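Asker: below is the sequence, then the predicted model.
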Amino acid sequence: MAVTAASVQTREYSPVDITSHDFWSRPFAVRDESFARLRKAEGLSWHRPLPSLFPMQEPGFWALTRRADIAYVSQHPELFTSAQGVALDPMPAEIQRVASFFLTMDPPQHTVYRRLISSAFTPRNVRRIEEQIHRNAVAIVDDLVGAGDIDFVEACSAPLPMLTIMDMLGVPPADQPAVAKAAEKLFSMSDDEYSSIEERAQDTINEILLLSSTGAELAQFRRKNPGDDLMTSIVNAEVEGHRLTDEEIGAFLILLASAGNDTTKQTTTHAMMALVDNPDRRAWLTADFENRIGPAIEEFVRWASPVLQFARFATADTEINGQPVAAGDKVGLFYCSANRDETVFDNPGAFDLSRSPNPHLGFGGGGPHFCLGNQLAKAELRNLFRELLFRLKTVEFGEPDLLYSNFVHGVKRLPAHVQ
């Protein structure tokens, strides 16, 4: 059945609000009550567009709230494209392309770029990165032992993923604070603490430009002064006669500094809060850490759901689980909802470190865009939690200060007492 533009305009919006500022100001568990209603009903519902920083309008989007539907869309890029943008809030495609690099590509172009990046992660480079992660995790917890009152996010969750990215790409120490600040601000822009509504669009572009130019300068330096490091491997990587340009490497730094940083940072915070709240789960994990940390990390990521959603656009008139979707329609992939899907997860509201199987969508719904950095994130979490759980005698938390965002499940600050 063809769906006309006129019929798109007259579609009825779902009475369940998942768009407003008020909705996204609520705690995760309260928001999930709304997603649970959608999962239980049709699973696919039409919603008002999210607010935009940019002067553009969209008619709305389909919310996918069940795991099976999100996996289906993720695994069919020929029907649901990323090339028109992956931001659920209306945002010009050209800005997204600069900020998201190969996230806004479809196969076969996406496949070439993914292979280019992957080819730089040689066994030697991966081993070096693992060693750097271990050293940094030890140093971070060295500073926590006996520290007393701290902000857990600033002192523990935030440093490791950002240090890992700096080490990987060879960002000079003098540039690291500016890069870290730009990355944090880029992912936190929706929160009034970081940017006023009037400044938000320009600030987004400014942070993107700073990160992009830093990546391009690092690439230029390594082309002239090759070393035995990952950045040298990246600038020399070649697939099907294609090499990354300096601008593309700049875009890769944006992707790493945002997606590769904030996700692990937020998972660390949410997982540690859950372990403190569930001392029996912490005892179970430490009783056989090396054998249990693998499945535990999967539950850390499911529980945290650090990336709440992404978007796709339908390339043709099609269906999702029997529901007609028109060519050009935007679909929102709500990973936060999929990771609480009662038809997939037994007692999804429980923090269960031995959960098996655990087919969460914390690294995406499968298909070509499955998170390239998932092994890096797991290495960071494994090394950091080994140090935290065995070296800290006391960890007590106050109330978390939550980030306002419809994209990142963020904690800005977490007062803690550690010994």
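Answerer: Everything's here; your move. Quick caveat, the model's predicted, so the values are computed rather than measured. Residues are numbered from 1 along each chain as shown.
Asker: now do the strands in the stretch 51-200 of the chain.
Answerer: Here the stretch 51-200 of the chain has its strands, by DSSP state E, counting those that start in this stretch, at 61-64, 80-81, 148-151.
Asker: just name the most buried of these.
Answerer: Counting by mean count of other Cβ atoms under 10 Å, strand 61-64 has the highest mean neighbour count of these, with a mean of 27. All C-beta spots, glycine's among them, are computed from the backbone N, C-alpha and C.
Asker: what lines up beside it in the sheet?
Answerer: If you go by DSSP bridges, strand 61-64 pairs up with strand 44-47 (antiparallel), strand 330-334 (parallel).
Asker: export the strands of the stretch 51-200 of the chain as JSON lines, with columns for mean pLDDT and distance to residue 407.
Answerer: JSON lines is the format used below for these (pLDDT from 0 to 100; distance: least, Cβ to Cβ, whole Å):
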{"stretch": "strand 61-64", "mean pLDDT": "98", "distance to residue 407": "14"}
{"stretch": "strand 80-81", "mean pLDDT": "98", "distance to residue 407": "19"}
{"stretch": "strand 148-151", "mean pLDDT": "98", "distance to residue 407": "22"}
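Asker: could I get the ones you listed as JSON lines with distance to residue 367?
Answerer: Formatted as JSON lines, the strands of the stretch 51-200 of the chain follow (distance: least, Cβ to Cβ, whole Å):
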{"stretch": "strand 61-64", "distance to residue 367": "14"}
{"stretch": "strand 80-81", "distance to residue 367": "9"}
{"stretch": "strand 148-151", "distance to residue 367": "37"}
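Asker: nearest to residue 320, out of those?
Answerer: Closest approach to residue 320 among the strands of the stretch 51-200 of the chain (Cβ to Cβ): strand 61-64, 7.0 Å.
Asker: got the contact list for the closest one?
Answerer: The contact list for strand 61-64 (Cβ atoms under 8 Å, 6 or more residues apart in numbering) reads 14, 18, 38, 43-47, 49-50, 70, 73, 88, 311, 320, 323, 325, 329-334.
Asker: need the buried ones from the residues you listed selected in PyMOL.
Answerer: Here is the PyMOL selection string for the buried members of those, based on 16 or more other Cβ atoms under 10 Å:
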select buried, resi 14+18+38+43+44+45+46+47+49+50+70+73+88+311+320+325+329+330+331+332+333+334
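Asker: picking that back up, to residue 405, which of the strands of the stretch 51-200 of the chain lies closest?
Answerer: strand 61-64 (17.0 Å).
Asker: so how far is that closest one from its chain's centroid?
Answerer: Remark: strand 61-64 is offset 19 Å from the chain centroid, using Cα atoms, centre = their mean, to the nearest Å.
Asker: quick one, what contacts the residue lying closest to residue 21 once chain neighbours are set aside?
Answerer: Excluding the flanking residues, the one nearest residue 21 by Cβ to Cβ, 6 or more residues apart in numbering is residue 51, at 7.1 Å. Neighbour list for residue 51: 19, 21, 89 [criterion: Cβ under 8 Å, 6+ apart].
Asker: how about residue 242, phi and psi?
Answerer: phi -110, psi 140 (degrees, to the nearest 10).
Asker: now it: how far from residue 232?
Answerer: Distance, residue 242 to residue 232, by Cβ to Cβ, to the nearest Å: 18 Å.
Asker: try residue 22
Answerer: 49 Å.
Asker: tell me which of the two has more neighbours.
Answerer: Taking other Cβ atoms under 10 Å, residue 22 and residue 232 do not tie; residue 232 has more neighbours (19 against 8).
Asker: let's see the pLDDT reported for that one.
Answerer: pLDDT recorded at residue 232 is 92.
Asker: please apply the same query to residue 9.
Answerer: On the pLDDT scale, residue 9 gets 56.
Asker: same thing with the one 10 residues further on?
Answerer: Confidence per residue is given as pLDDT, and for residue 19 that number is 97.
Asker: over to the one 4 residues further on?
Answerer: According to the predicted model, the pLDDT of residue 23 comes to 98.
Asker: list the contacts for it?
Answerer: 17, 31, 34.
Asker: most neighbours among those, which one?
Answerer: For the contacts of residue 23, neighbours were counted using other Cβ under 10 Å, and residue 31 has the most, 20 neighbours in all.
Asker: that one and residue 24 touch, don't they?
Answerer: Yes - taking contacts as Cβ atoms under 8 Å, residue 31 lies within contact range of residue 24: 7.4 Å.
Asker: still on that earlier bit, what's the residue nearest to residue 21 sitting at in phi/psi?
Answerer: Note on residue 51: its backbone torsions stand at phi -60, psi 150 [degrees, to the nearest 10].
Asker: what number of residues lie near the closest residue to residue 384 other than its chain neighbours?
Answerer: Counting by Cβ to Cβ, 6+ apart, residue 384 lies nearest to residue 137, which is 4.6 Å off, once chain neighbours are set aside. Neighbour count for residue 137, taken as other Cβ under 10 Å: 25.
Asker: what's the pLDDT at residue 137?
Answerer: For residue 137, the pLDDT comes out at 98.
Asker: residues in contact with it?
Answerer: Taking Cβ under 8 Å, 6+ apart, we find residue 137 in contact with 160, 380, 383, 384, 386, 387.
Asker: if we use 10 Å, what do you get?
Answerer: Counting by Cβ atoms under 10 Å, 6 or more residues apart in numbering, residue 137 makes contact with 156, 159-160, 163-164, 379-388.
Asker: between the contacts of residue 23, which is nearest residue 286?
Answerer: Using Cβ to Cβ, the contacts of residue 23 come closest to residue 286 at residue 31, 31.7 Å.
Asker: so the closest one belongs to a helix, correct?
Answerer: Yes - Residue 31 forms part of a helix when assessed by DSSP: H, G, I helix; E, B strand; the rest coil.
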